[in-house]
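K.L.:
pasting the structure only:
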């Protein structure tokens, strides 16, 4: 929702100004306070207007549109003022801004309209709600269920199982996965109708109207108290289709008695947290594989007939583009069933399948998926829509999404958690709602990357275009009204003959805040208010650092050594700087003045010592810095630790052949213990040293530790690193011979242990309690180690032992561990061996 995003974005700007000494004095405090009060009022309205029954949708949307425009106008005025202030070099205090005063006047007028509309309407919480059936209550068209054989058998087993007490079964999946179809097929099957005394089905309305649910059930079984009595002492099956709220269940659950006779309640839901709340048996519907997708497609198009040979190839291409979503396959199948069965016609459908599925004539897909969007709380809608800005079919790093959401100002601060933590909660919420799909995971189990289904992405693009949230440019088209756009997204490589025309149009986009592109070419966006430059070169590195309003910079391509100009200190609100695809990056001393900097990620960056300053001088303290990746030959002095005291992720590399190196750098690593917020640490030492002097210096907050390089390590490893109370992941790549004797009581929370290229000769464990909760053991290229300690197999939590390029004897010892565990009936351990 563009309105929520515009209000929260402006709130964030005001907070950043208040916390910036230079700009707090450059704006009138009364005006700033007035903006804050009005934004709180508008945000409350935008978050709740859908539930204000006294306001018609048309009136509400008109007011929301006016609020959005006013917030944008205020944002333009404030950021223009700051940019002018920086470029002028002025330090004077400006008491009043005429432009801001005019914007405040406009907001006053809108606030009065909202208040008047509310006062003229009588709000009656008791008035009946007019329910709309959920779109997903319409099952797929196939009379015979196709592609859900495993889920069908699982559901039937639970429904007809021996457990006598009442059971609740949740069928979970994103919209269009076939949850209702599965439930309907089971509900209507002869086996189920004969097994249960009575059955009833209710489709949950969008308003979660309890009376409507009872009425639907009561049409067959009775009403109110009689409903409860009609179920008493009878084996019943209740289907609650499309459950959106656990609160509804908490109200109606008392209607369903536990007769201790095998009664069952099945609900379908898109929300994983609903199923968790009910403590139910969960049946998760996954995307169909290639074989099941093709079977469903053929069933929809040809019924009992076979697909003509000449259509098999193009048919499979069409099915592939549906990405395993049953509803998409069913809709396309329905279209082709009534259309020409020619290869030419099917080729045309294949070229524009997303457009076909989203068209008005075949709007069922969009309607079903749009329902998930309408049920999102206001704070999640802008974040979900933003997912449409990423490339189709790509895996998106979680850290990238979070950093972009923060930079775009989409997150409302709560005063308790940092913005990245808030974003992480939002992202998990979207995953739980099955709107975003988790892909890769970190070694500690946390989600590393995710993706969005093509049809959900198309939904994001459609809504974003309708709400002017961002402008997605594709198929070499140039939209009208570029001068009004605030976000530009384009991923196509434009042909040479078209580039001039396209770039010419970009020059009019003077209000653009974000440019998101994966084009390697330079993009001459002439916008002094630019905030986000993602995966693109704007006008070149030197020129881009002149955009003083930037918050997020991720350079896609550059050549040679990069010297960050000293003018970077003028970028007053830079939060994320990423230069990971090039060679060396050299930062100026002014980097220490970047008080808003949160994440600095480079393939190799040199950072000078901070300039001397007074004890109370916070102008050179990076208090917001959370990530510092691959800083080379970094002098981690006591003074530096004071200035990066909130760092969470730190990666330091020491190379004796590169500039800035001296042996004294290692001594400074003993200051690591001063970084009390540090969670992830990676150290690489190119020169052979003893790591033992570091053993007592690590902060207790460490969750993940990676060591690499040439040095002596093994002697005190278990006693010191093993005592870190939060450590869950340990990765070692140490070229050092030795024996590792693990003592009892160490590594109490370690879940992942990875050893790479270690010249380890011997490894022993005192007992199983050395690694009591270990889940994953990874051994790669251990040429000297011949045996895994047999006690490893006795760890009850161990799931996987993975070996790659190790000795034959080491592999044999792993197999023996598995065989021994299987002899005791433990068959859950996986052994993965790669050459």
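P.N.:
Yep, it's here. Predicted, not measured: the structure shown is a model, and the values here were computed from it.

K.L.:
A helix includes residue 305, no?
P.N.:
No. According to DSSP: H, G, I helix; E, B strand; the rest coil, residue 305 belongs to no helix; its state is coil.

K.L.:
each with direction, which strands does whichever strand or helix holds residue 630 pair with?
P.N.:
Here residue 630, judged by DSSP states H and E, is contained in strand 627-632. Strand pairing for strand 627-632, determined by DSSP bridges: strand 599-606 (parallel), strand 649-654 (parallel).

K.L.:
now do the same contact list for residue 563.
P.N.:
586, 588 (Cβ atoms under 8 Å, 6 or more residues apart in numbering). (C-beta placed from N, C-alpha, C; glycine too.)

K.L.:
ok, now the one 5 residues further on?
P.N.:
Listed by Cβ under 8 Å, 6+ apart, the contact set of residue 568 reads 545, 574, 588, 590-591, 594.

K.L.:
by neighbours, which of these wins?
P.N.:
For these, the largest number of neighbours (other Cβ atoms under 10 Å) sits with residue 574, at 26 neighbours.

K.L.:
didn't that one look like it was pressed against residue 593?
P.N.:
No. Using Cβ atoms under 8 Å, residue 574 makes no contact with residue 593, being 10.4 Å away.

K.L.:
picking up where we left off before, out of the strands paired with strand 627-632, nearest to residue 196?
P.N.:
strand 649-654 (54.8 Å; Cβ to Cβ).

K.L.:
now the element after that closest one, going C-ward?
P.N.:
Defined by DSSP H and E, the subsequent element after strand 649-654 is helix 664-667.

K.L.:
I'd like the average pLDDT over that following helix.
P.N.:
For helix 664-667, the mean pLDDT works out to 81.

K.L.:
okay, buried residues for it please.
P.N.:
Within helix 664-667, the residues that count as buried by 16 or more other Cβ atoms under 10 Å are 665-666.

K.L.:
quick one: strands adjacent to the helix or strand just after that helix?
P.N.:
Helices and strands here follow DSSP H and E; after helix 664-667, the next one along the chain is strand 680-690. Sheet pairing of strand 680-690 (DSSP bridges) gives strand 649-654 (parallel), strand 704-712 (parallel).

K.L.:
quick one: contacts of strand 680-690?
P.N.:
Identification of contacts with strand 680-690 by Cβ under 8 Å, 6+ apart yields 648-657, 663, 666, 669, 672, 691, 698, 702-712.

K.L.:
and the strand holding residue 630, how far from the chain's centre?
P.N.:
23 Å (Cα atoms, centre = their mean, to the nearest Å).

K.L.:
quick check on residue 450: phi, psi?
P.N.:
Phi and psi for residue 450, reported as degrees, to the nearest 10, are phi -150, psi 180.

K.L.:
beta partners of it?
P.N.:
residue 396, residue 438.

K.L.:
is it true that it touches residue 431?
P.N.:
Yes. Applying Cβ under 8 Å, one finds residue 450 in contact with residue 431, separated by 6.9 Å.

K.L.:
those two: who's more crowded?
P.N.:
Shown here are residue 450 and residue 431; by other Cβ under 10 Å, residue 450 has more neighbours (20 against 16).

K.L.:
need the contact list for that one.
P.N.:
395-396, 398, 401, 427, 431, 436-439.

K.L.:
how about TSV for the strands paired with strand 627-632, with mean neighbour count added?
P.N.:
Rendered in TSV, the data for these read as follows (neighbours: other Cβ atoms under 10 Å):
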stretch	mean neighbour count
strand 599-606	21
strand 649-654	20
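
K.L.:
do you know which of those strands lies nearest residue 737?
P.N.:
strand 649-654 (21.2 Å).

K.L.:
outside of that closest one, which residues touch it?
P.N.:
The contact list for strand 649-654 (Cβ under 8 Å, 6+ apart) reads 604, 626-634, 636, 661, 665-666, 669, 675, 678-687, 709.

K.L.:
and if you look at stretch 721-731?
P.N.:
With Cβ under 8 Å, 6+ apart, stretch 721-731 has contacts from 442-444, 679, 695, 698, 700-707, 742-743, 745-754, 756, 770.

K.L.:
the residues you listed in strands, which ones?
P.N.:
Counting by DSSP state E, the part of the contacts of stretch 721-731 found in strands is 704-707, 742, 752-754, 756.

K.L.:
report pLDDT for residue 620.
P.N.:
Reported pLDDT for residue 620: 66.

K.L.:
okay, now the unreliable bits of the stretch 201-350 of the chain?
P.N.:
For the stretch 201-350 of the chain, applying pLDDT under 70 flags the ranges 205-208, 220-225.

K.L.:
got a list of what the residue sitting nearest the centre point of the chain touches?
P.N.:
With distances taken as Cα atoms, centre = their mean, residue 427 lies nearest the centre of the chain, 4.0 Å away. By Cβ under 8 Å, 6+ apart, the contact list for residue 427 reads 383, 398, 401-402, 436, 447, 450.

K.L.:
excluding chain neighbours, what is closest to residue 336?
P.N.:
Leaving out its chain neighbours, the residue that sits closest to residue 336 by Cβ to Cβ, 6 or more residues apart in numbering is residue 301, at 5.0 Å.

K.L.:
I'd say that neighbour and residue 338 touch.
P.N.:
No. The criterion here is Cβ under 8 Å, and residue 301 misses it with residue 338 at 9.6 Å.

K.L.:
the more surrounded of the two?
P.N.:
Neighbour count, other Cβ under 10 Å: between residue 301 and residue 338, residue 301 has more, with 23 against 7.

K.L.:
which of the helices or strands spans the more buried one?
P.N.:
Here residue 301 is assigned to helix 290-302, by DSSP H and E.

K.L.:
buried ones in the helix or strand that that helix is followed by?
P.N.:
Using DSSP H and E, the helix or strand that follows helix 290-302 in sequence is helix 309-321. Going by neighbour count (16+ other Cβ under 10 Å), the buried part of helix 309-321 is 311, 314-316, 318-319, 321.

K.L.:
ok now helix 309-321, how far from the chain's centre?
P.N.:
For helix 309-321 - counting by Cα atoms, centre = their mean - the centre lies 33 Å from the chain centre.

K.L.:
helices or strands up against that helix?
P.N.:
Where contact means 3 or more Cβ pairs under 8 Å, 6 or more residues apart in numbering; DSSP states H and E, helix 309-321 is packed against helix 290-302, helix 326-337, helix 343-351, helix 353-358.

K.L.:
let me know the pLDDT of the nearest residue to residue 86 once chain neighbours are set aside.
P.N.:
Leaving aside its sequence neighbours, residue 86 sits nearest to residue 548 (Cβ to Cβ, 6+ apart; 4.8 Å). Listed pLDDT for residue 548 reads 91.

K.L.:
renumber starting at 104 from here on
P.N.:
Fine by me, first position is 104 from now on; the one you just mentioned is residue 651.

K.L.:
quick check: residue 651 touching residue 674?
P.N.:
Yes. Residue 651 lies in contact with residue 674 (Cβ under 8 Å); the separation is 5.3 Å.

K.L.:
closest one to residue 633 out of the buried residues of helix 412-424, please.
P.N.:
Taking Cβ to Cβ as the measure, residue 633 lies nearest residue 424 of the buried residues of helix 412-424, at 35.1 Å.

K.L.:
any idea how far residue 562 is from the closest one?
P.N.:
16 Å (Cβ to Cβ, to the nearest Å).

K.L.:
can you redo the buried residues of helix 412-424 as a markdown table with distance to residue 903?
P.N.:
A markdown table is the format used below for those (distance: Cβ to Cβ, whole Å):
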| residue | distance to residue 903 |
| --- | --- |
| 414 | 44 |
| 417 | 41 |
| 418 | 39 |
| 419 | 34 |
| 421 | 38 |
| 422 | 34 |
| 424 | 34 |
